[in-house]
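1. Any chance you could fold what I've pasted below:
(2 chains)
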Amino acid sequence: MKNNKHTLSVLVENRPGVLTRVAGLFARRGYNIDSLAVGRTEDPAVSRMTIVVEGDDYVIEQVTKQLNKLVEVIDISNITQKEHVERELILIKVKAEPSVRGEIMQIVDIFRARVVDIGKDTLIIEATGDIGKINAIESSMKPFGIIEVVRTGKVAMLRGPKYGSE
Amino acid sequence: MSAKSERVSEVMQLGSIKEKIQESRNAVSGAELVVRALEDLGVDVVFGFPGGAVLPLYDALYHSRKIKHILTRHEQGAAHAADGYARSSGKVGVCIATSGPGATNLVTGIANAYMDSVPIVAITGQVAVNAIGRDSFQEADITGITMPITKHNFLIKDVKEIVPTLKKAFYIASTGRPGPVLIDLPKDITVKEAVYDPQVEVDIPGYRLPVFSGNGAISRVAEAVMQAERPVIYAGGGVLTSGGERELLAFAEKLNIPVTTTLMGKSCFPENHPLSLGMLGMHGTMYANYAVSQCDLLISIGVRFADRVTGDVSTFAEKARIVHIDIDPAEIGKNVAVDFPVIGDAKTVLAHLLELTQEKRNAQWLKTIEEWKTQYPLEYEDNGKLKPQYVVEQISELTGGRAFVTTEVGQHQMWAAQLYKTALPRTFISSGGLGTMGFGLPAAIGVQVANPDAVVIDIAGDGSLLMNIQELATAVQFELPINIALINNRYLGMVRQWQEIFHGGRYSQTDLSCQPDFVKLAESFGVEALRVERKEEVRPALKKAIESKKPVLIDFWVEREENVFPMVPPGGSIKKMLRGLGR
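-> Residues are numbered from 1 along each chain as shown, chains lettered A, B, ... in the order given. Here you go, the predicted structure:
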């Protein structure tokens, strides 16, 4: 069986400790989380976690079944194969002496990213997009010298009228 | 504002004040809410040990006329007693401990109940809400600690949440695949007041009971059962949990299918029945393991394909198509790939299968199995000395398999599993998944509390028994006539056996020659005790103990280096069992 990345969209009760339960489950059963993004939904009592997990079919099936057993997990949907929009946000602090700023700005334009802070010799760049785009902008900044990267992890939503977890 | 509307608002305020006064008259303390809710949930006994953080709760219990409190001498004993109570009765067992060390002492007992899917509710005291997280005296993050070993747990921070939380806890613990639930109760919450509303409705949006697979899946199983020439039923604890032992018996008899059980499933099928194969797995019978290895259809019911059962998974039931019936979808396909998954509780599914199948004889297959039974019986060398197996056989014969047997963990546990022939469901209470030494004595206490008139025997080893020996005091205080059959070899026998077979006979830290005199020890607790060193003394001693209706310990000095056989070496195939050393 092949190892693939899967995107799980998980609705959970918005309570203290829920994140620990989910993260703890992954740790003790030996599953790897690639990224995990969490925030409340349109219903303040409910949060959505977008979890990217790598594994073969067996692992993904087990992850889903074990998550389902957590009392505070309301619903799980594996949206990998479904039509969906996915986004991640990245902040990159990059070395930017005045001589290279122009070049950096050009790249920022190409990626439709933004400069959100200018320091003496640094810039902070903000970009959103799918994982491919985020990876691309990160690697194109490398030659200038990346000081720090912060990524949110992926969030995703099904296209069309369907609600997230149907 | 006009004078009139002012007056109206005054009257309204007065109304709401009156309501508040009425409410405060009806309001009771959080501790009282716990007790009332427990009473209304049908709890008539709790096992526990008091302490600072649960003082208000114990004050409320002091006044309860409906709830009997059994004071164990260690919190671990309370958890195991609640576990034994639950396993033998099918009801939820309740245990209580104070914060910090009281709560952490429950941990082994909770983990034990979790591994064996036993419904218990543990209530722990906690420091006051505003003291949480400040490393207060006797503070421990017990909800954090028990997260991986509970089905769910709660930390209550509002007195109004007490009753709904207790309702949720009992529901979660006892439904679906049962398991332990812990409620952490800060002390200040137990002295705040609220009105008791027994009708309060609770909603657990993320907790849904597994959806029954439906008739299509069961029809396919029925078809496979009718086609099979060499079927075997592999039955586990799920059969007992669902109360499906009658359906299992009817199904096995109708289609003449032999039945092997796991340690957890033991007692779900009468073991004096011709179709019984006894236990399978590492120390199972050779004929059970041969039957599983040669069968063409393995009907697995309420089991989890544990490593102690399957041995090397790649050769487990390699000739068979596998049916797996379980209430927990996460168990299906977890350890072994299955051909016919069915989600549902064992009793319901078996009842459907009974309707969808016709009688069948399987004569040739049963004949083969009879031959294996004759050729490879459970056996031991009778050299005239006192053998542990002989003691267990005598217990089995004397009680007709109708007593409740609890065990500790180790060699004696396996001899009990092999040679005590259970006749009635829920009568074999043993720590299967976690393998907790020290389980049997407190579990026997719980069993006896749930079944006051039954004969309860803890078949114990000397290493295990010493781990919770303090519970003898509990048995004496509450006049619980449990019997302890101590298989005393002054070794950690199972570990010693592995050292003998796999570690060149180097008995590293397993020689317990320096054990206490268990007879004197028991007597110091007020328990009657006697030592037995010869075969002919076994039966009269057991008879006397059972008839005395008092707690009795019999210290059987058995042959020290006896081994448990047959045996599948760890990780080996269950096709290849060791029948004895060098065999």
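2. going forward, measure contacts between C-alpha atoms and count neighbours the same way
-> Noted.
3. what about the nearest residue to A:Val22 once chain neighbours are set aside, is that helix, strand or coil?
-> Leaving aside its sequence neighbours, A:Val22 sits nearest to A:Leu67 (Cα to Cα, 6 or more residues apart in numbering or on different chains; 7.2 Å). Of the three states, A:Leu67 takes helix under DSSP: H, G, I helix; E, B strand; the rest coil.
4. so which helix or strand takes in the residue in chain A positioned nearest to chain B?
-> Chain B sits closest to A:Ile74 of chain A, with a gap of 3.9 Å, by Cα to the nearest Cα. In this structure, A:Ile74 sits in strand A:73-78 according to DSSP states H and E.
5. okay, now B:His74: neighbour count?
-> Neighbours of B:His74 under the rule other Cα atoms under 10 Å in any protein chain shown: 20.
6. so who does the residue nearest to A:Val22 touch?
-> Residues near A:Leu67 by Cα atoms under 8 Å, 6 or more residues apart in numbering or on different chains: A:22, A:25, A:73, A:76.
7. Out of these, the closest to B:Ala228 would be?
-> A:Ile76 (37.7 Å; Cα to Cα).
8. Give the other helices and strands that the next helix or strand after the strand holding A:Ile74 contacts.
-> Per DSSP H and E, the first helix or strand lying C-terminal to strand A:73-78 is strand A:84-95. On a contact count with 3 or more Cα pairs under 8 Å, 6 or more residues apart in numbering or on different chains; DSSP states H and E, strand A:84-95 meets strand A:122-129, helix A:131-141, strand A:146-151, strand A:155-158.
9. Is B:Leu424 in a helix, a strand, or coil?
-> Going by three-state DSSP: B:Leu424 is coil.
10. Surely it is in contact with B:Pro270?
-> Yes: with contact defined as Cα atoms under 8 Å, B:Leu424 counts as touching B:Pro270 (6.6 Å).
11. contacting residues for the residue of chain A most remote from its centre?
-> Distance from the C-alpha centroid of chain A peaks at A:Ser99, with 33.2 Å (Cα atoms, centre = their mean). Neighbour list for A:Ser99: empty [criterion: Cα under 8 Å, 6+ apart].
12. List the residues that contact the residue of chain B found nearest chain A.
-> Closest residue of chain B to chain A, Cα to the nearest Cα: B:Gly206 (3.9 Å). The contact partners of B:Gly206, taken as Cα under 8 Å, 6+ apart, are A:12-13, A:70-75.
13. Need those residues in CSV (columns: neighbour count).
-> Formatted as CSV, those follow (neighbours: other Cα atoms under 10 Å in any protein chain shown):
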residue, neighbour count
A:Val12, 27
A:Glu13, 23
A:Leu70, 18
A:Val71, 20
A:Glu72, 24
A:Val73, 24
A:Ile74, 22
A:Asp75, 20
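14. Let's have these in CSV, adding pLDDT.
-> Shown next, in CSV, are these (pLDDT from 0 to 100):
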residue, pLDDT
A:Val12, 96
A:Glu13, 95
A:Leu70, 96
A:Val71, 95
A:Glu72, 96
A:Val73, 96
A:Ile74, 95
A:Asp75, 94
